[in-house]
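Chemist: I would like to see how this sequence folds:
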Amino acid sequence: MRFSGRQRLAGLVTLLVMAAVITGVVILSSPAEERAKRLDLRRVSDLQGMQNAVNFYFSERGTLPVSVEELSKQPGVRIGSDPVTGAAYRYRTSGAEQFELCGTFDRASAPRVLTGVDLWAHPAGEYCFTRKVTKRPSQ
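Modeler: Next up is the predicted model:
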């Protein structure tokens, strides 16, 4: 069976498109992988918001909140929860000015090449970030 020039061209174009799609999935990762990364970024963002709320609470009262419930009673404070499971993020004090914020992550965070330091780097699974309150300059 002989193929015409048009059929060969169509076959070549089909192969190129398939190669481009496969390369794109390999380089950019699958949609499920991208979703997992996006959800982990949301978790980190939620925990950063909690850290800011704890710092504000401390600057106003001079003490750490004893629980997430106490923290969430503050005006304008909204404590998020895990975007997939709905489970509450965990908070606990570990000293007069030190606390932990915990969440469960789908993937390990990617290393930061440019800065070398990532205060929110985490492995996959449950992980707790240890933080110390940030005091205002007048304190």
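Chemist: which residue is nearest the centroid of this protein?
Modeler: Leu41 (2.3 Å; CA atoms, centre = their mean).
Chemist: what's downstream of whichever strand or helix holds that residue, the next helix or strand?
Modeler: In this assignment (DSSP states H and E), Leu41 forms part of helix 31-61. Next in sequence after helix 31-61, counting helices and strands by DSSP H and E, comes helix 68-72.
Chemist: Now do that following helix: distance to the chain's middle.
Modeler: 22 Å (CA atoms, centre = their mean, to the nearest Å).
Chemist: Stretch 46-63 now?
Modeler: Averaged C-alpha coordinates place stretch 46-63 at 19 Å from its chain's average position (CA atoms, centre = their mean).
Chemist: can you list contacts of that stretch?
Modeler: Stretch 46-63 is contacted by residues 64-65, 68, 71, 74, 77-81, 89, 91, 96-97, 99, 101, 103, 120, 129, 131, 133-136, 139 when judged by CB atoms under 8 Å, 6 or more residues apart in numbering. No exception for glycine: its C-beta is placed from N, CA and C like everyone else's.
Chemist: Same check on stretch 83-102?
Modeler: Contacts of stretch 83-102 (CB under 8 Å, 6+ apart): 39, 42-43, 46-47, 50-51, 54, 58, 63-68, 71, 79-82, 103-104, 126-133.
Chemist: For it, list the C-alpha coordinates in CSV.
Modeler: Extracted as CSV, the C-alpha positions of stretch 83-102 are listed here (Å, rounded to 0.1, in the frame of the first residue of the first chain):
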residue,chain,number,x,y,z
PRO,A,83,-9.3,23.0,51.3
VAL,A,84,-9.9,19.3,50.6
THR,A,85,-10.7,17.6,53.9
GLY,A,86,-12.2,20.6,55.7
ALA,A,87,-10.0,19.6,58.7
ALA,A,88,-9.0,22.5,60.9
TYR,A,89,-5.3,23.5,60.9
ARG,A,90,-3.6,22.9,64.2
TYR,A,91,-2.1,25.5,66.4
ARG,A,92,-0.3,25.1,69.7
THR,A,93,1.9,27.1,71.9
SER,A,94,5.4,25.9,72.7
GLY,A,95,6.6,28.7,75.0
ALA,A,96,5.8,32.2,76.0
GLU,A,97,6.6,33.6,72.5
GLN,A,98,6.8,30.5,70.4
PHE,A,99,4.0,28.5,68.7
GLU,A,100,3.5,25.8,66.0
LEU,A,101,1.2,25.9,63.0
CYS,A,102,0.4,22.5,61.5
